[in-house]
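**Q** A structural model of the following input is requested.
(one chain, ligands or ions: 2)
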Amino acid sequence: MSDTPILKIAVNVPLSREFDYLAPTSGPSPAIGARVLVPFGRRQQIGVVMALTSKSALPEARIRRCEEVLDETPLLSPEDLWLIRFTSEYYHHPIGEVVAAALPSLLRQGKSLHPSVERITITETGAAFDLEALSKRARRQAELLVALKNTQAHSLDPDLLTKTLPTWRRAASALLKKGLISISARRAEDFDEKLSQEPQTGPTLNGDQDRALSALRRSDRYGAFLLDGVTGSGKTEVYLQRVQDVLDDGRQALFLVPEIGLTPQLVSRLSERLGLKPALLHSGLSDTARLAAWRAARSGAARLIVGTRSAIFTPLKNPGLIIVDEEHDHSFKQQEGLRYSARDLAIAKAKHLDIPVILGSATPSLEILQHCRNGSYQHIVLPERAGEAKPPKLGLIDTMRSPASDGISEPLAEAMRRHLDDGNQVLVFLNRRGFAPTLICRQCGYVAACERCDSRMTVHAREQQLRCHHCGACRPLTEQCDECGETVMPLGEGTQRLEESLTTRFPDAVISRIDSDSTQLKGAMHDALQSATLGHANILVGTQMLSKGHHFPGLTLVGIVNADQGLFGTDFRSSERMAQSIIQVSGRAGRERQEGEVLIQTAFPENGFWKTLLEGGYRQISDEALAEREITRWPPFTRLALLRSAAHKKADAHRLLDVARHHLNSEASGSLRILGPVDAPMARKAGRYRAQLLLQSSERSTLHRVLRNLRPILENDTAARKVRWSIDVDPVELF
Ligand code: ADP
Ligand code: ZN
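**A** Ligands and ions are numbered 1, 2, ... in the order given. Model (predicted):
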């Protein structure tokens, strides 16, 4: 053995190991946490130095050298590397891919932490140029000039240009040669959190909030707290005070939210009340903006960081607190690639950093409730709405007795009229999970199906299209059945159909539909929510999107149109989810002085679920669900991992899982249950056959031990070459 240090480097490839390299021959050796450029096979790759060692399994002569050190000082701190390693080990995912997920894309591509920003400006000659003549000869060049001319400063950032004119670079180089534009570069600006307005003061906390805050203030060290407060109970006020403490201490707070697009109200509230600009991290940002926010968190220039799932990996200079708002929301769990739960990582990170973590929800997940029961997390309850608001009244409408024509039953329509006549707002909610309008043949009963998935096509009436919500396939809406040629008709309610029938019933009302289709355009969501908040719309129609965290002051009635899907769901989580979704959307009603009402249409009013929900609320639903899970041995009383496999041929998808099963059998462990391989509940998706193998154990350690041994076997098995496969630890979707 020699004394030359060997660098353990994480490279973005799907292999569960680090790779050994030597430092470059000249210059200083890279530090742990720095990026390096390394030869990998016949290509070059960017890697991160995870550790230094003196030993390698390879003879020194065969160890290759780094070509370049990209960071003079470590880009990632030991704490950041700790989280990356923890994530890789817990989710059994290749370390290099975890590093890639943790870095903003510009850094992943090897760009500098402080990249210079280009600015394209139109010159005076350019501004005076004959655009008409140019547009005949070179349309793209003319388009670029027009775009520049139309801005106030006569200049634009490349990021913005790429969005509007994706191929602008070629046009730009021609224009540059002609002297019609100029390109300059400057260093990216540093983040400044200062605002010109003074912070606003909030309401005085009520008794419950006060008690909650004191419990949260007891220590600045690690502790996991569930802030379990009904919708409108003032959880956000409690967060705000606790965040303020941390900021006063000169430390940073990381605030995780399910989807930032849905919570503009929260972001402006945080910013107005704390009197600073938070660094925002979410998928809607340009690469440059994302890097700027990441850098601000890392340098400490931003003290409040608000972000979605992936923000959990953001380096913090001086962390003091992590908050996970709406912890039950499934969007905290990534459903592809690295299948991590940002909520669970938040707890692990807080523990490692020895800081508190607050998990907030009106409908806490059973996993977290169980942790409270066994004493590892502290349960803090806000039982009542804050201020003057009262809880909404829930009631059922029996659709067997009062059929819902066009989605709306007569009793619901009547209630709507009553609330609208009083000058209030109404929300009509469609529970769309696994449910959408389809096309059925009147003659043979054939339902329009996707050719690439085992699923039905969804009717999009306005666009006159059938779309598959699983693979994105679309085709024109037909009038005749594919099978027998007879007339087809739409079956079931979609938001579009509902909107149309409401327009007929309430011709004088302003109706606003808010769902994933109506809000695809940039800014559309913001505009729709704004107008809903200001009360411009009388009736809001929408799906899950509308249930989350919004505060519509004039809203007093929520009608839940199709609540029954969750009653008979096959997933062990169906009833938990349905209760969450109903409670969350009900929470939108009557948030100010006027009392709220919630009417639920169901064909099964006798079902025990309704009695429990109406009489005992979410508390009783979750108590009963926990008791049931304990008996049936589902999470949180056992741990799950799901091995998924997908291939063009069904046999290939199964073959890899057979290999896994065979290996697991030989590992024989009393507490391990292996279920499968079986076809996935949706056996074909986007043209691939999908199969799965479920592992279950009462001990987390057993599950981790077998997965640790299994992963390299699968990586190296020839059967893996023909399939896409993945390991999902703590899966939330079992398909
Ligand atoms: P949550 O986050 O639990 O949904 P919020 O913090 O958004 O609740 O509070 C709901 C509403 O009640 C907001 O309009 C808020 O301003 C108001 N509110 C919260 N706490 C109080 C209080 N102590 N006194 C009066 N109003 C309050
Ligand atoms: Zn499809």
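**Q** Can you name the residues bridging to Q465?
**A** Legend: beta-bridge partners of Q465 under DSSP bridges are H460, P476.
**Q** need the contact list for it.
**A** C474, R475, P476, L477 (CB atoms under 8 Å, 6 or more residues apart in numbering). Any C-beta I mention is one placed from the backbone N, CA and C, and that applies to glycine too.
**Q** Apart from its neighbours in sequence, what residue is nearest the last one?
**A** In space, not counting the residues next to it along the chain, L477 is nearest to Q464; the distance is 4.7 Å by CB to CB, 6 or more residues apart in numbering.
**Q** what about the one you found, neighbour count?
**A** As a burial measure, Q464 scores 10 neighbours (other CB atoms under 10 Å).
**Q** Contacts only, for I95.
**A** A10, S16, R17, E18, M50, I84, R85, S88 are the contacts of I95 under CB under 8 Å, 6+ apart.
**Q** picking up where we left off before, list only those of the contacts of Q465 flagged as buried.
**A** Neighbour-count burial (16 or more other CB atoms under 10 Å) applied to the contacts of Q465 gives L477.
**Q** low-scoring stretches of the protein, by residue?
**A** The chain contains residues with pLDDT under 70 at 1-3, 188-189, 262, 432-436, 492-493, 516-523, 569-570, 668, 735.
**Q** Would you agree Q370 is in contact with T638?
**A** No - in this structure, Q370 is not within contact of T638 by CB atoms under 8 Å, at 11.4 Å.
**Q** Get me the contact residues on the stretch 401-550 of the chain for ligand 2.
**A** Within the stretch 401-550 of the chain, the positions adjacent to ligand 2 are C450, R452, C453, C468, H470, C471, A473 by CB under 5 Å from the ion.
**Q** Can you name the two of the contacts of I95 that sit furthest apart?
**A** Among the contacts of I95, the pair separated by the greatest distance (CB to CB) is R17 and I84, at 14.2 Å.
**Q** so which strand or helix has W294?
**A** Assessed by DSSP states H and E, W294 sits inside helix 287-299.
**Q** Show me what that helix is packed against.
**A** In terms of contacts (3 or more CB pairs under 8 Å, 6 or more residues apart in numbering; DSSP states H and E), helix 287-299 is packed against helix 105-108, helix 158-164, strand 279-281, strand 304-307.
**Q** same thing but 10 Å
**A** Under the contact criterion of 3 or more CB pairs under 10 Å, 6 or more residues apart in numbering; DSSP states H and E, helix 287-299 touches helix 105-108, strand 116-122, helix 158-164, strand 279-281, strand 304-307.
**Q** ok now it, how far from the chain's centre?
**A** Offset of helix 287-299 from its chain centre (CA atoms, centre = their mean, to the nearest Å): 19 Å.
**Q** got it, and stretch 286-297?
**A** 18 Å.
**Q** right, is the lengthiest strand in the chain up against ligand 2?
**A** Longest strand in the chain, counting residues (DSSP state E): strand 672-685. No - with CB under 5 Å from the ion as the criterion, ligand 2 is not reached by strand 672-685; the gap is at least 6.7 Å.
**Q** Just the buried residues of that strand, please?
**A** Buried-residue list, strand 672-685, by 16+ other CB under 10 Å: L672, I674, G676, P677, D679, A680, A683, R684, K685.
**Q** same question, stretch 724-735
**A** W725, S726, I727, D728, V729, D730, P731, V732.
**Q** Now do the fourth one against A691, distance only.
**A** Read it as D728. From D728 across to A691, the span is 14 Å (CB to CB, to the nearest Å).
**Q** Give the residues shared as contacts by these two.
**A** L643, R644 (CB atoms under 10 Å, 6 or more residues apart in numbering).
**Q** Could I get the contacting residues of the residue of the stretch 1-150 of the chain found nearest ligand 1?
**A** Among the residues of the stretch 1-150 of the chain, L83 lies closest to ligand 1, at 27.7 Å counting by CB to the nearest ligand atom. Counting by CB under 10 Å, 6+ apart, L83 touches L76, S77, V98, A102, I312, F313, P315, L345, A348, K349, H352, L353.
**Q** mind redoing it with 8 Å?
**A** Residues near L83 by CB under 8 Å, 6+ apart: A102, I312, F313, L345, A348, K349, H352.
**Q** Residue numbers of the chain in contact with ligand 2?
**A** Going by CB under 5 Å from the ion, the residues of the chain near ligand 2 are C450, R452, C453, C468, H470, C471, A473.
**Q** 8 Å instead, please
**A** Neighbours of ligand 2 within the chain, by CB under 8 Å from the ion: 450-453, 455, 457, 468-473, 685-686.
**Q** Make a markdown table from those residues and add distance to ligand 1 and secondary structure to it.
**A** Putting those into a markdown table (distance: CB to the nearest ligand atom, whole Å; DSSP: H, G, I helix; E, B strand; the rest coil) gives the following:
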| residue | distance to ligand 1 | secondary structure |
| --- | --- | --- |
| C450 | 39 | coil |
| E451 | 44 | coil |
| R452 | 41 | coil |
| C453 | 38 | coil |
| S455 | 35 | coil |
| M457 | 38 | coil |
| C468 | 36 | coil |
| H469 | 30 | coil |
| H470 | 33 | coil |
| C471 | 36 | coil |
| G472 | 35 | coil |
| A473 | 39 | coil |
| K685 | 36 | strand |
| A686 | 38 | coil |
